[in-house]
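Trainee: coords please:
(one chain, ligands or ions: 1)
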Amino acid sequence: MTKPLLETLKGNPGNNVPFWFMRQAGRYLSEYKQVRATTSSFLNFCYSPDKAAKVTLQPIKRFDMDGAILFADILVVPDALGQKTWFEGGVGPRLEPIKSVTELQSLNLANFDDKAGSIYRTVQILKDQLPDDKTLIGFAGAPWTVATYMVEGAGSKDHGAAKDWGYGDPEGFDSLLSLLVDATSHYLISQIDAGADVVQIFDSWSAALPEPAFDRWVIEPTREIVRRLRLKHSETPIIGFPRLAGMMLEKYVCETGVDAVSLDSGVPISWAADTIQTKIPVQGNLDPRMVVAGGPAMLSETSRILDGFSKGAHIFNLGHGFVPETPVDHVAALSAHIKAYRR
Ligand code: CP3
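Mentor: Numbers count the residues shown, from 1 in each chain. Sure, this is the predicted structure:
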């Protein structure tokens, strides 16, 4: 049986547009909240293969998406490298910050799989349980985005701490990115070994970097990860998501070598159809707040995106993840609308 999402990524789109949604598992689903409530620590929840596999499958059962994204988090990587990482309810991620090469010495790959091994186990369970026509998507954060959390010790608006280190001590900051390239390559290769059909690299904070910094911190590390994955698994498509990269998007696509790219909601459709979709398949770019609104506004915007990308390979998705207040019936209406569409 073919997997429509995987086929589209390989450049063989059919008449239906395959779809999945970022953050399709999560707090907008009551069945997620039920399973989530059985483990207090969010990271321990990610490290519980049976529960993580269960919540990965929940949205597929409800809405029948073409892709299932592994349930985990981008901050598994710093945690498995040995950085103290935790999630505070109502606050978000917290880490003991690393701000210098000296502090970086405490992190390494030696015991990485002691923690990451349970994520690979989740992938194996999903590989067994997922219907044959569904595509299993593994993922990791890109080095720059993960570094912003590692250096800041939390989420931040301007990534000031990471920039301060990177501008003030470029070689030192490169050593953090280089450790993340090693860890992320190993982590994604292991997910593919365990059964992931596709992987996505989330660079959520690639916005508003000056061009030399974008080249050095976003493009270079991503290109190296893509190169290493190809050596081991040349057939597995890699989706890049340089969120809010703006005018750097085309350069990102040409220079990283990703097989497909995810578009945030700010990317103009006609420009992307002409400039990006003529090179590689695209995914995106419905504003997640449209799904909070629902109704005719959501459906007409969905049609505009489907029509705008109908000439090439397109996977329907959001421009960023679902927010917790998203009504479940709006997701059902959105899914039905996409399924009814024929190219
Ligand atoms: O369904 C899926 O998309 C798969 C699972 C997934 C999660 N996080 C689960 C999660 C994925 C792919 C991620 C990626 C992720 N995590 C990113 C990149 C994508 C993006 O959103 O830009 C980032 C930046 C993170 C870091 C992160 N994790 C933050 C900032 C937060 C807190 C924010 C919040 O909404 O509370 C998380 C927690 C998190 N990761 C939750 C989920 C379902 C909510 C926590 C909970 O359920 O208790």
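
Trainee: all strands for the stretch 201-343 of the chain, in order.
Mentor: 238-242, 260-263, 282-286, 314-318 (DSSP state E, counting those that start in this stretch).

Trainee: Redo those strands as a markdown table? Include mean neighbour count and distance to the ligand.
Mentor: All C-beta spots, glycine's among them, are computed from the backbone N, C-alpha and C. Formatted as a markdown table, the strands of the stretch 201-343 of the chain follow (neighbours: other C-beta atoms under 10 Å; distance: least, C-beta to the nearest ligand atom, whole Å):
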| stretch | mean neighbour count | distance to the ligand |
| --- | --- | --- |
| strand 238-242 | 27 | 8 |
| strand 260-263 | 26 | 10 |
| strand 282-286 | 25 | 13 |
| strand 314-318 | 26 | 10 |
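
Trainee: Quick one, which of these gets closest to A208.
Mentor: Closest to A208 of these is strand 238-242 (C-beta to C-beta; 11.8 Å).

Trainee: could you check the angle strand 282-286 makes with that closest one?
Mentor: 40 degrees (axes from the mean of the first three to the mean of the last three C-alpha atoms, to 10 degrees).

Trainee: Tell me the strands beside strand 238-242, with direction?
Mentor: Here strand 238-242 has these sheet partners by DSSP bridges: strand 198-203 (parallel), strand 260-263 (parallel).

Trainee: List the contacts of that strand.
Mentor: 9, 137, 142, 198-204, 206, 218, 222, 226, 229, 248-249, 252-253, 256, 258-262, 283 (C-beta atoms under 8 Å, 6 or more residues apart in numbering).

Trainee: Extract the C-alpha trace of it and format it as CSV.
Mentor: Coordinates of each C-alpha in strand 238-242 appear next as CSV, following Å, rounded to 0.1, in the frame of the first residue of the first chain:
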residue,chain,number,x,y,z
ILE,A,238,14.0,15.6,5.1
ILE,A,239,11.6,18.5,5.7
GLY,A,240,13.1,21.8,6.8
PHE,A,241,11.1,24.4,8.7
PRO,A,242,13.0,27.7,8.9
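
Trainee: What does the pLDDT read for the residue of the chain most remote from its centre?
Mentor: Distance from the C-alpha centroid of the chain, by C-alpha atoms, centre = their mean, peaks at T102 (30.2 Å). At T102, the model reports a pLDDT of 96.
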